[in-house]
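A.B. asks: Pasted the sequence and its predicted model underneath.
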Amino acid sequence: MAKIAVITGGTKGIGRGIGRRLADKGYDLVVSYRRDVEGADALVKEIAAKGRRCVAVQADQIEDGAIDKLFDAAQKEFGAIDVFVPNAAATAFLPLMATKPHQIDKTLAVTIKSYILGAQRSVPLMKGRKGKIVAISGMDTIHTIPFHGLLGACKSAMETLTRYLAAELAPEGIRVNAVNPGFVDTDSTRFYAKDSFDQVVKAVSMITPVPRIGTPEDVAKVVDFLVSDDAEYVTGVTWHVDGGVQVAPLLMARMVAAENKS
């Protein structure tokens, strides 16, 4: 019996990497996308070439009913699911003092509302299947990245929700965890970094214990572990997949000290 994974924002970047990894492990996919029809079609064909099914659903998480549209498709096509990955993210990258009400609503809808509603829809479809939920957080929960205040706060809320959902859904046999990636090479990262991308890569590589930036595959490997039976005793925690960037300030201090001694 094939396993089924539902992934929001599943046609690009980290979401796409997760979907490809799970397909390699025998999962069929139901993924949402916002506008990129070409990317969605390409993913469907790629997953089909692996011998698995992929249903791509145009469902903008900003809009009311988007989560229902996605899960209705999963229920119609497969009748059940095993994994839910709330991965989609959207925000206005602005100072908090310049953020408008509709931009706050948008970020909350995509990040928080869709996570809770998706979990609600997941439970009946996971019945008897030992379901797993893995939320994708972000390094802006830890580091104060310029113009990430709103998104960082919402991603922090995702990590809190992960703990509460793990407790609430334990009687259902459902495990809930989160993954917090570091600086990952995606189309979105390149878009927002623009001409500074190579400089950012160099800087991150210099201060990260694993001296490179991350890839979607790095994140996908950890998600793959968390939804596997090998992680059956793991729930309610956030896994950091960042090459050790959390200790970057310490590394920077050591670098300065070493230079002063030389």
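C.D. replies: In hand now; what should we look at?
A.B. asks: Next one: the residue positioned nearest the centre of the chain from residue 40, what distance?
C.D. replies: Nearest to the geometric centre of the chain sits residue 136, at 2.8 Å (CA atoms, centre = their mean). Going from residue 136 to residue 40 by CB to CB, to the nearest Å gives 19 Å. Bear in mind the C-beta positions are built from the backbone N, C-alpha and C, glycine included.
A.B. asks: my read: the residue nearest to the centre of the chain touches residue 85, true?
C.D. replies: Yes: the pair residue 136 / residue 85 is scored as a contact, 6.7 Å apart, by CB atoms under 8 Å.
A.B. asks: who touches both of those two?
C.D. replies: Common neighbours of residue 136 and residue 85 (criterion: CB atoms under 8 Å, 6 or more residues apart in numbering): 15, 18.
A.B. asks: Please enumerate the helices of the stretch 151-262 of the chain.
C.D. replies: Remark: helices assigned in the stretch 151-262 of the chain by DSSP state H, counting those that start in this stretch are 187-193, 197-207, 216-226, 248-261.
A.B. asks: Let's see the pLDDT reported for the nearest residue to residue 170 once chain neighbours are set aside.
C.D. replies: Excluding the flanking residues, the one nearest residue 170 by CB to CB, 6 or more residues apart in numbering is residue 235, at 6.9 Å. pLDDT, residue 235: 98.
A.B. asks: give me phi/psi at residue 235?
C.D. replies: Backbone geometry at residue 235, expressed as degrees, to the nearest 10, gives phi -160, psi 150.
A.B. asks: From what I see, it and residue 176 are in contact.
C.D. replies: Yes: counting by CB under 8 Å, residue 176 is a contact partner of residue 235 at 5.9 Å.
A.B. asks: between the two, who's got more neighbours?
C.D. replies: For residue 235 versus residue 176, neighbours defined as other CB atoms under 10 Å are more numerous around residue 176 (26 against 20).
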